[in-house]
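1. Dropping a prediction and its sequence here:
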2 protein chains.
Amino acid sequence: MRLKDYLSARRQNVEAALDRLLPADEAGGPILEAMRYSLFAGGKRLRPILCLAGAEAVGGDPERVMFCACALEMIHTYSLIHDDLPAMDDDDFRRGVPTNHMVYGEGMAVLAGDGLLTEAGVLLCDPEETKGLDPARVLAASRVVLHAAGYLGMVGGQAVDLASENLQPDLATVQYMHAMKTGALLTASVQSGAILAGGDDDQVAKLMRYGRRIGLAFQIADDLLDLEGDPAKLGKAVGADQARGKMTYPAVVGLPQARAMGQDLVDEAAAIAESLGNCAQPLAMIARYIMERTY
Amino acid sequence: MRLKDYLSARRQNVEAALDRLLPADEAGGPILEAMRYSLFAGGKRLRPILCLAGAEAVGGDPERVMFCACALEMIHTYSLIHDDLPAMDDDDFRRGVPTNHMVYGEGMAVLAGDGLLTEAGVLLCDPEETKGLDPARVLAASRVVLHAAGYLGMVGGQAVDLASENLQPDLATVQYMHAMKTGALLTASVQSGAILAGGDDDQVAKLMRYGRRIGLAFQIADDLLDLEGDPAKLGKAVGADQARGKMTYPAVVGLPQARAMGQDLVDEAAAIAESLGNCAQPLAMIARYIMERTY
């Protein structure tokens, strides 16, 4: 199996499902248009793909957890819209296209984010999509996802980030912030897929350990790309973190050390995935791919 | 039963439950502080009280649906924080105290709203709080609440409001906007309480009709208070809607007609509640109270 083909096929499945679950509709007015603008503005669809791969890793059918995969992408997209706002990171472009508030205005961008987050919640308890699944597992998976998105996870990490701009960075704060800001939702992605697909406690615990490692590695890779990446390939300006005095791994431990930390983390994650057997092969490959992007 | 005592007792129960479900914790950092600042900045707690009364109306135990009542108040509070932002209504004060972004800054206010909305979702699938309830009813109630909060409900109504400022108002647009912006969540409040407490389809349908009527009446009453209310009693400036060219009932149909429409709606709602029997007496009294506030 070539990872590139796997990711590309899954990305297409996810995009078709997103279009089915949040269809264009003129009656939806400007808010639906703004929500769909960012939801279909590209992206690797990493969180949904991890959710589908989490289901696969415990021997389940990825299609049955597609609603949860799409909810995760809606949550991720909402967080990008709000992060890009002038009051937050103040970014004009993302993935090569103008950010939501540049097109629809600040007020509508706040609402588009709110709409996507709420719709994710609606999807997680959709009676059609969850039909035939154990309702207790549906509730458990929803809780994992929403908890990871909230003030003890992603939103909390973003708040620490906001509060710590231009403070002297230290490794503990950077790790804590990134574990919350990026790691929590990535971990919840694999976990929720496995929970919905009937994974046992041991499998779910292993996937949590896998998720924490790739979450940290993913942030380190992002920091490296911001320092050394090609703006044309990334579709956004580079060096922005440094200019803003943001706490990043390279800023705290230095570039070679940050790269070594990232590589160790993805190696550990890949080993955990491999211990789950052949079904978890895609997860192992995804882990390695995270650092490959940065070379 | 005196309504004033009933509302006051329920409000105290709700506030104690909110404090238990989102406790102060220094480890929660600035985001939790900002979330709690607005959550405990007063308010009538109307949505949670309607949820508890909805459970009561079908013969259920209001205490068992307290988690849902609190989730509704978190959703309502998040919507107020985001509505008050400079990019939206740009309000500096609410209920006599500075709005969230005036105290914590715009970025943190966006996140505090996001945190409250997400926490509401977490609460709706909390394993402790939902223990012993039928999981299918838990999912159904969550869906009703989140759907009403989303782009087909509250968020959508706010978007129409934002997009229609300074446009020529017409009655159809005003009714549609208010039904989504205020009515949907008020209706979901009574409905979700009844669903969780085991209400049958007929009871839930009746409560939906009740909810729609008080939702519209509530908005009419708010418009009237903005025109004629006492700023000291309201804790905010009056006349703001008019100054901003907002579509309001009095602006479209005139003051006496708006008042008559509001009164008809609460009379109908009270009659529906009374048809459910003695358990729904509080709902009948709450309906009448909505217009009494405006005299």
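-> Cool, the structure landed. Note that the structure is predicted; figures quoted are calculated from it, not measured. Numbers count the residues shown, from 1 in each chain, chains lettered A, B, ... in the order given.
2. so A:Gly215 makes contact with A:Val190?
-> No: with contact defined as CB atoms under 8 Å, A:Gly215 does not count as touching A:Val190 (9.8 Å). C-beta coordinates here come from the backbone N, C-alpha and C atoms, glycine included.
3. Compare these two (neighbour count), which wins?
-> A:Val190 (32 against 27; other CB atoms under 10 Å in any protein chain shown).
4. Check the offset of the host helix or strand of A:Ile49 from the chain's centre.
-> Here A:Ile49 sits within helix A:46-57, counting by DSSP states H and E. Helix A:46-57 sits 11 Å away from the centroid of its parent chain (CA atoms, centre = their mean, to the nearest Å).
5. same deal with stretch A:156-169?
-> 20 Å.
6. Report the mean confidence score over that stretch.
-> In this model, stretch A:156-169 carries a mean pLDDT of 85.
7. again, but for stretch A:58-65
-> 97.
8. Can you list the neighbours in contact with it?
-> Stretch A:58-65 is contacted by residues A:51-56, A:69, A:132-133, A:192-194, A:196-200, A:203-204, A:207, A:276, A:279 when judged by CB atoms under 8 Å, 6 or more residues apart in numbering or on different chains.
9. how long is it end to end?
-> Terminal residues of stretch A:58-65 are spaced 12 Å apart (CA to CA, to the nearest Å).
10. Could you check that stretch and say which residues are buried?
-> A:Val58, A:Gly60, A:Pro62, A:Arg64, A:Val65 (16 or more other CB atoms under 10 Å in any protein chain shown).
11. Only the buried residues of stretch A:156-176, if you could.
-> So, applying 16+ other CB under 10 Å, buried residues of stretch A:156-176: A:156-164, A:169, A:173-175.
12. tell me what the helix or strand where A:Arg212 lies is packed against?
-> A:Arg212 is part of helix A:201-228 when elements are defined by DSSP H and E. When contacts are defined as 3 or more CB pairs under 8 Å, 6 or more residues apart in numbering or on different chains; DSSP states H and E, helix A:201-228 packs onto helix A:46-57, helix A:171-178, helix A:184-196, helix A:240-243, helix A:249-253, helix A:255-274, helix A:281-292.
13. So, low pLDDT: which residues of chain A?
-> A:1, A:230-246 (pLDDT under 70).
14. Go again with 90.
-> A:1, A:26-30, A:95-96, A:127, A:161, A:163-178, A:219, A:222-223, A:225-254, A:292-295 (pLDDT under 90).
15. who's sitting farthest from the centroid in it?
-> Here chain A reaches farthest from its C-alpha mean at A:Ala27, the gap being 29.8 Å by CA atoms, centre = their mean.
16. Can I take it that that residue is in a strand?
-> No: assessed with DSSP: H, G, I helix; E, B strand; the rest coil, A:Ala27 is helix; it does not lie in a strand.
17. Now do the same contact list for it.
-> Going by CB under 8 Å, 6+ apart, the list of residues near A:Ala27 is empty.
18. ok, now how distant is A:Lys206 from chain B?
-> With the distance defined as CB to the nearest CB, to the nearest Å, A:Lys206 ends up 22 Å from chain B.
19. and the gap between that residue and A:Ala57?
-> Using CB to CB, to the nearest Å, one gets 9 Å for the distance from A:Lys206 to A:Ala57.
20. Could you do A:Thr294 as well?
-> 25 Å.
21. Neighbour count for these two, which is higher?
-> Taking neighbours as other CB under 10 Å, A:Thr294 and A:Ala57 compare with A:Ala57 leading, 29 against 19.
22. So the more buried one sits against A:Leu276, correct?
-> Yes: applying CB under 8 Å, one finds A:Ala57 in contact with A:Leu276, separated by 5.4 Å.
23. list residues touching both of those two?
-> Contact criterion CB under 8 Å, 6+ apart; residues shared by A:Ala57 and A:Leu276: A:Gln203, A:Leu207, A:Leu283.
24. The nearest residue to the second one once chain neighbours are set aside: what's it in contact with?
-> What that stands for is A:Leu207. Leaving aside its sequence neighbours, A:Leu207 sits nearest to A:Val190 (CB to CB, 6 or more residues apart in numbering or on different chains; 4.6 Å). A:Val190 is in contact with A:Leu50, A:Cys51, A:Ala53, A:Gly54, A:Ala57, A:Leu207, A:Met208, A:Tyr210, A:Gly211, A:Leu283, counting by CB under 8 Å, 6+ apart.
25. so how many other residues sit close to the first one?
-> Put plainly, it is A:Leu50. A:Leu50 has 30 nearby residues by other CB under 10 Å.
26. Please report how far the residue most central in space within chain A lies from B:Ala109.
-> In chain A, the residue lying closest to the centroid (CA atoms, centre = their mean) is A:Arg47, at 4.4 Å. Distance of A:Arg47 to B:Ala109, given as CB to CB: 26 Å.
27. Got the phi and psi for the closest residue to A:Asp91 other than its chain neighbours?
-> Spatial nearest neighbour of A:Asp91, excluding adjacent residues (CB to CB, 6+ apart): A:Asp84 at 4.4 Å. A:Asp84 adopts backbone torsions of phi -80, psi -10, taken as degrees, to the nearest 10.
28. A:Asp84 - how many residues pack around it?
-> 22.
29. wait, what's in contact with it?
-> A:Asp90, A:Asp91, A:Arg94, A:Thr99, A:Asn100, A:His101, A:Ala109.
30. neighbour-wise, which of those residues leads?
-> A:Asn100 (28 neighbours).
31. Go ahead and confirm it touches A:Ala109.
-> Yes: the pair A:Asn100 and A:Ala109 passes the contact test of CB under 8 Å, sitting 4.2 Å apart.
32. which residues are common contacts for those two?
-> Joint contacts of A:Asn100 and A:Ala109 (CB under 8 Å, 6+ apart) are A:Ala34, A:Ile81, A:Asp84.
33. Can you confirm whether the host helix or strand of the first one lies near chain B?
-> Taking DSSP H and E as the definition, A:Ala34 sits inside helix A:29-39. Yes: judged by CB under 8 Å from any CB of the partner chain, helix A:29-39 comes into contact with chain B at A:Gly29, A:Pro30, A:Ile31, A:Leu32, A:Ala34, A:Met35.
34. Please check those residues and keep the buried ones.
-> A:Pro30, A:Ile31, A:Leu32, A:Ala34, A:Met35.
35. Identify the residues contacting the fourth one.
-> Listed by CB under 8 Å, 6+ apart, the contact partners of A:Ala34 are A:Asn100, A:Val103, A:Tyr104, A:Met108, A:Ala109, A:Leu111, A:Ala112, A:Gly115, B:Ala159.
36. Just the closest of these to A:Ala17, please.
-> A:Gly115 (18.0 Å; CB to CB).
37. Mutual contacts of A:Lys206 and A:Ala57, please.
-> Common neighbours of A:Lys206 and A:Ala57 (CB under 8 Å, 6+ apart) are A:Leu276.
38. could I get the buried residues of stretch A:156-176 as a markdown table with distance to chain B and secondary structure?
-> A markdown table is the format used below for those (distance: CB to the nearest CB, whole Å; DSSP: H, G, I helix; E, B strand; the rest coil):
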| residue | distance to chain B | secondary structure |
| --- | --- | --- |
| A:Gly156 | 5 | helix |
| A:Gly157 | 9 | helix |
| A:Gln158 | 6 | helix |
| A:Ala159 | 4 | helix |
| A:Val160 | 6 | helix |
| A:Asp161 | 10 | helix |
| A:Leu162 | 5 | helix |
| A:Ala163 | 5 | helix |
| A:Ser164 | 10 | helix |
| A:Pro169 | 17 | coil |
| A:Thr173 | 11 | helix |
| A:Val174 | 15 | helix |
| A:Gln175 | 15 | helix |
